[in-house]
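Novice: return atomic coordinates for the entry below.
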Amino acid sequence: MPTLYAEIDINAPQSVVWDALIRKDQWRYWNTFLYDCDPGLPLARGNEIFLSMQRLEGDEETEFQPVITMLRSPYMMRWVSTIPGLRSEHVFELRENVPGRTHYLHREHFSGILSKVFLPFIRHDERQGLRRMAQQLKMHVENTVLGNPAERSSGYSHDSNRPYPERGYDDRGYRDRSYDPNYDPNYGSNYGQNYDRPPSGYDDYPRDYGRDYDGRTDRSGRADGPRRRR
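Specialist: Okay, here's the model as predicted:
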């Protein structure tokens with residue numbers, strides 16, 4: 001299965017990183033890869049949410065509507081988006097290997113007969129987006145959340161020194177709506193079930209997740225992606 005991935009160590013407890021990751025209505029303040037188009041759609045297993053993706057900063061955004069397939073606090077979140085012939089699954093995993101230091105892993109799996117058609121065009125930019133989000137999550141948690149307890153408690157993270165612009169809902173035609181992080185707490189007690197590896201550590205995974213599906217390291221063309229909603 002073709003897979004792209006990004007990983008990074010964040011100097012923060014796992015619970016703090018998880019809280020920042022699942023506050024999708026706050027992504028607009030720090031995340032330039034994924035954007036929450038409708039904060040009124042809560043993260044909960046089985047829910048469809050409305051997101052957009054910007055593979056390269058300043059590039060045109062691709063909108064998509066994935067379904068949350070797993071949400072296990074504070075370990076893992078998965079969602080799946082599909083179009084005829086192509087399936088994409090994002091997997092976010094957190095592991096506090098030592099106290100106060102969390103390993104973040106974001107993988108994207110592709111499958112379907114069209115994956116070999118689209119991936120040569122998007123894999124380079126997609127991988128850069130995954131890595132950019134990992135770095136920005138680290139900056140947000142370490143510099144803003146832990147650096148400002150008031151912002152940590154409120155969930156807001158306004159930082160005028162960020163090197164990227166803040167994106168607002170009003171600019172896109174969406175209104176701010178109250179956000180209910182209605183993720184299912186029961187999944188935390190079932191951690192380890194329906195899980196594609198033993199929950200002992202990341203080292204159980206083969207280390208080829210970062211390789212492109214065809215072994216190449218560069219791209220030969222560009223495309224906006226397999227799905228663009230109007």
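Novice: buried set for the longest strand along the chain?
Specialist: As assigned by DSSP state E, the longest strand anywhere in the chain is strand 86-98. Buried residues in strand 86-98, counted by 16 or more other CB atoms under 10 Å: Leu86, Arg87, Ser88, Glu89, His90, Val91, Phe92, Glu93, Leu94, Arg95, Glu96. Just so you know, the C-beta spots here come from the backbone N, C-alpha and C atoms, and that holds for glycine as well.
Novice: same question for stretch 130-143.
Specialist: Using 16+ other CB under 10 Å as the test for burial, stretch 130-143 gives Leu130, Arg131, Arg132, Met133, Ala134, Gln136, Leu137, Lys138, Met139, His140, Val141.
Novice: go on, stretch 54-66?
Specialist: Gln54, Arg55, Glu61, Thr62, Glu63, Phe64, Gln65, Pro66.
Novice: swap in stretch 47-55?
Specialist: Using 16+ other CB under 10 Å as the test for burial, stretch 47-55 gives Ile49, Phe50, Leu51, Ser52, Met53, Gln54, Arg55.
Novice: list just the nearest of these to Met70.
Specialist: Ile49 (13.5 Å; CB to CB).
Novice: per-residue confidence for Ala150?
Specialist: For Ala150, the model assigns a pLDDT of 53.
Novice: then Gly188?
Specialist: 34.
Novice: helices and strands of this protein: which one bottoms out on pLDDT?
Specialist: The least trusted helix or strand in the chain, going by mean pLDDT, DSSP states H and E, turns out to be helix 186-189, with a mean of 34.
Novice: name the SS class of Leu43, please.
Specialist: coil (DSSP: H, G, I helix; E, B strand; the rest coil).
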